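Trainee: pasting a predicted model and its sequence here:
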Amino acid sequence: MSRLGTWTPTTVEERLDRMESHAAIRQLPYRYALALDSRDMDALVDLFVPDVQVGRDATGREALKEWFTNTMRRMRTSVHFIGNHIIDFDDADHAHGIVYCRDELEQPETQEWEVGMLQYWDSYVRVQGEWCFQRRRFHRWYIVDALTRPSHGAGVDDGGRALTTHQLPEAFPSWDRFWSSLDRSNRE
Amino acid sequence: MSRLGTWTPTTVEERLDRMESHAAIRQLPYRYALALDSRDMDALVDLFVPDVQVGRDATGREALKEWFTNTMRRMRTSVHFIGNHIIDFDDADHAHGIVYCRDELEQPETQEWEVGMLQYWDSYVRVQGEWCFQRRRFHRWYIVDALTRPSHGAGVDDGGRALTTHQLPEAFPSWDRFWSSLDRSNRE
Amino acid sequence: MSRLGTWTPTTVEERLDRMESHAAIRQLPYRYALALDSRDMDALVDLFVPDVQVGRDATGREALKEWFTNTMRRMRTSVHFIGNHIIDFDDADHAHGIVYCRDELEQPETQEWEVGMLQYWDSYVRVQGEWCFQRRRFHRWYIVDALTRPSHGAGVDDGGRALTTHQLPEAFPSWDRFWSSLDRSNRE
């Protein structure tokens, strides 16, 4: 497996196409964050596949727009600051990736300015020539007020969160393996 | 409009050239931040077009170097940490973009270590084969001391700032539209 | 020198290859951070050249894995959030770069949640078709507990650090030049 995923293109056309796809996929989380922070809900849902799954029972961009609108009206300022973006191509039209994000959320009710660290575990697909999010799954280390020291799992399980959020670092399959192998070598 | 802007290249040469341009433009804010944080003023102004506008009355890299020197001598350590970079191509030689930045500034006079979140709204142009900033406009959510909770607009209007700085999130045209449409639907 | 380094490819094949290399090199620090934060030590050391230098006396990925394991077992949660990545190509198979990183480290012994700002000064080489880190040198502005105001050099010289860490901003050759030239112009 190369640094760009398991799929390896062969022709010049395929190789150039992969570079264009890579650039387009890099733009997806950047455009997601900007659309969210500027509350441009149409631009936001346009980044997802037309038949995007929304919760258990709904699909489509209109349903997703309603969901995002209801979520983002509860807070004021939001800043989604994007860092690391690992991308793995599965084939010419499919890829998956992990995105690091530091989010800040102004909460008028509690007067808090929340700051968190999370990861999106993404899948991407090309639909009619345009790369889209197929799915984003939320994984979070913590979210706390700006004047609170972060701690393991802080804020992750709060009932108010609208989405299933997985706990980091335990969600990494390699995390337990690392500590288990240390335990074994300590006993030996 | 695609994920890479309104301009779509057609030939292999144009497509490859756009990928090289994309990579070069991605480097611009990274190199800007490094030049600023290392106080390499020649490298810094070399990233701008030769006839860059400096304030109302001056132009050129020498004038810009003087301006940056006067600004950056007032503080000590600076860290410009770059995140999201949205890029839209207008044609083969013109593009515009938005860059997220988390800046840290050591202020010897006040003994503060300021931390802020801002955006650069950029335009890029290729001059004699080299991509340059044509203009960077500053938009800021806040800048506060590291031990102060951020709040809406905190620090943005301080008289000491040398540049016109626009207030986020209000500078987003979509921001008001979002809240207005919510108000309308609440009244209905 | 262009925005992508001193080496300039000429043929379409070379140009396309450079774009693929650029994308692969961009992935290196992202994959390094993810491997570290998920404690996937095999994935981590696979990003380095097979004969990587480890300290003064050891070489190879197994030695590096042991070193990283001993370092990362002392802390729990780690978050390596990657920003700016400056890349300069030296030739088709060699490049060097600078990476900004904001790291967070949960320290069970002190009950602290450390937050720091650092740079990696990297060299990259292509070995058997795969881009690798040849060397990463650590340069740090500071590392402090989340509730402590950062300050110049804070935490950098702590005896507990296992690696030579250079102090920023003094490690920038341009830093002294800037202040010296200001002193000179003040005396004139």
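Mentor: All right, it came through fine.

Trainee: packing partners of the host helix or strand of A:Val115?
Mentor: Element membership for A:Val115, per DSSP states H and E: strand A:112-127. Judged by 3 or more Cβ pairs under 8 Å, 6 or more residues apart in numbering or on different chains; DSSP states H and E, strand A:112-127 is in contact with helix A:12-37, strand A:94-107, strand A:130-145. C-beta coordinates here come from the backbone N, C-alpha and C atoms, glycine included.

Trainee: now render the ones you listed as a markdown table, adding mean pLDDT and mean neighbour count.
Mentor: What follows is the helices and strands packed on strand A:112-127, written out as a markdown table (pLDDT from 0 to 100; neighbours: other Cβ atoms under 10 Å in any protein chain shown):
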| stretch | mean pLDDT | mean neighbour count |
| --- | --- | --- |
| helix A:12-37 | 98 | 20 |
| strand A:94-107 | 98 | 20 |
| strand A:130-145 | 97 | 19 |
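
Trainee: okay if I get those as a markdown table plus distance to A:Arg177?
Mentor: As requested, those are exported to a markdown table (distance: least, Cβ to Cβ, whole Å):
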| stretch | distance to A:Arg177 |
| --- | --- |
| helix A:12-37 | 28 |
| strand A:94-107 | 18 |
| strand A:130-145 | 17 |
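
Trainee: ok, which of these comes nearest chain B?
Mentor: Nearest to chain B among the helices and strands packed on strand A:112-127 is helix A:12-37 (4.0 Å), distances taken as Cβ to the nearest Cβ.

Trainee: report the angle between that closest one and strand A:94-107.
Mentor: 20 degrees (axes from the mean of the first three to the mean of the last three Cα atoms, to 10 degrees).

Trainee: quick test: name the residue nearest the centre of chain A.
Mentor: When Cα atoms, centre = their mean is applied to chain A, the residue found nearest the centroid is A:Tyr120 (2.1 Å).

Trainee: report the beta-bridge partners for it.
Mentor: Note on A:Tyr120: beta-bridge partners by DSSP bridges are A:Val99, A:Phe138.

Trainee: does it touch A:Ile98 like I think?
Mentor: Yes - between A:Tyr120 and A:Ile98 there is a contact under Cβ atoms under 8 Å: 7.1 Å.

Trainee: list the contacts for A:Glu104?
Mentor: A:Glu104 makes contact with A:77-79, A:81, A:113-116, A:146, B:117, B:150, according to Cβ atoms under 8 Å, 6 or more residues apart in numbering or on different chains.

Trainee: what is the nearest of the residues you listed to A:Ser38?
Mentor: Closest approach to A:Ser38 among the contacts of A:Glu104 (Cβ to Cβ): A:Ser78, at 9.4 Å.

Trainee: burial count for that closest one?
Mentor: If you count neighbours by other Cβ atoms under 10 Å in any protein chain shown, A:Ser78 ends up with 18.

Trainee: what's the burial count for the closest residue to A:His152 other than its chain neighbours?
Mentor: Nearest residue to A:His152 in three dimensions, chain neighbours excluded: C:Thr77, at 5.9 Å (Cβ to Cβ, 6 or more residues apart in numbering or on different chains). Residues contacting C:Thr77 under the criterion other Cβ under 10 Å number 21.

Trainee: now do A:Gln128
Mentor: 6.

Trainee: any idea how far B:Ser2 is from it?
Mentor: According to Cβ to Cβ, to the nearest Å, A:Gln128 stands 11 Å off from B:Ser2.

Trainee: which residues do the two both contact?
Mentor: Contact criterion Cβ under 8 Å, 6+ apart; no residue bridges A:Gln128 and B:Ser2 by contacting each.

Trainee: get me the contact residues on chain A for chain C.
Mentor: Counting by Cβ under 8 Å from any Cβ of the partner chain, the residues of chain A lying close to chain C are A:2-4, A:12, A:15-16, A:18-19, A:22, A:83-87, A:98, A:100, A:102, A:117, A:141, A:147, A:149-152, A:168-169, A:172-175, A:177-179, A:182.

Trainee: just the buried ones from the residues you listed, in ChimeraX syntax?
Mentor: For the buried members of those, the matching ChimeraX selection, counting by 16 or more other Cβ atoms under 10 Å in any protein chain shown, is:
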select /A:3,4,15,16,18,19,22,83,84,85,86,87,98,100,102,117,141,149,150,152,168,169,172,174,175,178
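
Trainee: any idea how far A:Arg73 is from chain B?
Mentor: Noted for A:Arg73: a distance of 6 Å to chain B, by Cβ to the nearest Cβ, to the nearest Å.

Trainee: tell me who's in contact with that residue.
Mentor: A:Arg73 makes contact with B:Leu182 under the criterion Cβ under 8 Å, 6+ apart.

Trainee: residues contacting A:Leu16?
Mentor: Here A:Leu16 is in contact with B:12, B:15-16, B:19, C:16 (criterion: Cβ under 8 Å, 6+ apart).

Trainee: A:Ile87 touches A:Leu4, doesn't it?
Mentor: Yes - under the criterion of Cβ under 8 Å, A:Ile87 makes contact with A:Leu4 at 7.0 Å.

Trainee: what touches both of these two?
Mentor: Shared contacts of A:Ile87 and A:Leu4, defined by Cβ under 8 Å, 6+ apart, are found at A:22, C:27.

Trainee: give the residue spans of chain A that score low on pLDDT.
Mentor: Residue ranges of chain A with pLDDT under 70: A:1, A:158-163, A:188.

Trainee: ok, 50 please
Mentor: Under the criterion pLDDT under 50, no range of chain A is flagged.

Trainee: tell me, how many residues neighbour the residue found closest to A:Glu14 once you drop the neighbours it is linked to in the chain?
Mentor: In space, and not counting its chain neighbours, A:Glu14 is closest to A:Ala92: 6.7 Å by Cβ to Cβ, 6+ apart. Neighbourhood size, A:Ala92 [other Cβ under 10 Å]: 13.
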